[in-house]
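J.: Pasting the sequence and the predicted model now:
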Amino acid sequence: MRKALWAAGFRYRLKNRLPGRPDIVFPGKRLAVFVDGCFWHRCPRHCRVPTTNREFWENKLGKNVQRDKDVKMLLERQGWEVVRFWEHEIKESVSKCVERVSLLIG
Ligand SMILES: [Zn+2]
């Protein structure tokens, strides 16, 4: 994803102190990009909660999802636009993801 964005001519930053530590940041455009792992962020298509220790996992993954929401709200309140990609979207088509980012950046 990062390589593809860079190759497409987008200049971004990785290091940042923003809430939730976005994976990629475009400071000039105030755009924060997150790439969410399908398991850890409960992708509806791929996340299967393990059957052993089910309660532990439900709890842990539920917290992740809640944190994602909180982070989005915090960033938006600070004037950032937030884009989230699933890991599987990147794997399926990096170019589509790059396109989405480029539309937002304009
Ligand atoms: Zn997925």
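T.: Now that the structure is in, tell me what you want to look at. Numbers count the residues shown, from 1 in each chain.
J.: can you list contacts of stretch 51-66?
T.: Here stretch 51-66 makes contact (CB atoms under 8 Å, 6 or more residues apart in numbering) with Phe39, Trp40, His41, Arg42, Cys47, Val49, Pro50. Using the backbone N, CA and C atoms, a C-beta is placed for each residue, glycine as well.
J.: Mind putting the residues you listed into JSON lines with neighbour count and secondary structure?
T.: Formatted as JSON lines, the contacts of stretch 51-66 follow (neighbours: other CB atoms under 10 Å; DSSP: H, G, I helix; E, B strand; the rest coil):
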{"residue": "Phe39", "neighbour count": "16", "secondary structure": "coil"}
{"residue": "Trp40", "neighbour count": "14", "secondary structure": "coil"}
{"residue": "His41", "neighbour count": "18", "secondary structure": "coil"}
{"residue": "Arg42", "neighbour count": "18", "secondary structure": "coil"}
{"residue": "Cys47", "neighbour count": "16", "secondary structure": "coil"}
{"residue": "Val49", "neighbour count": "15", "secondary structure": "coil"}
{"residue": "Pro50", "neighbour count": "11", "secondary structure": "coil"}
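J.: and the residues you listed, which two are the farthest apart?
T.: His41 and Pro50 (15.4 Å; CB to CB).
J.: Can you list the residue ranges for strands in this structure?
T.: 24-26, 31-36, 81-86 (DSSP state E).
J.: Could I get the average pLDDT for the first one?
T.: Model confidence over strand 24-26 averages 94 on the pLDDT scale.
J.: Repeat that for the last one.
T.: The predicted model gives strand 81-86 an average pLDDT of 97.
J.: Stretch 98-106 now?
T.: Stretch 98-106 comes out at a mean pLDDT of 91.
J.: Now do the buried residues in it.
T.: Neighbour-count burial for stretch 98-106, counted by 16 or more other CB atoms under 10 Å, picks out Val98, Val101.
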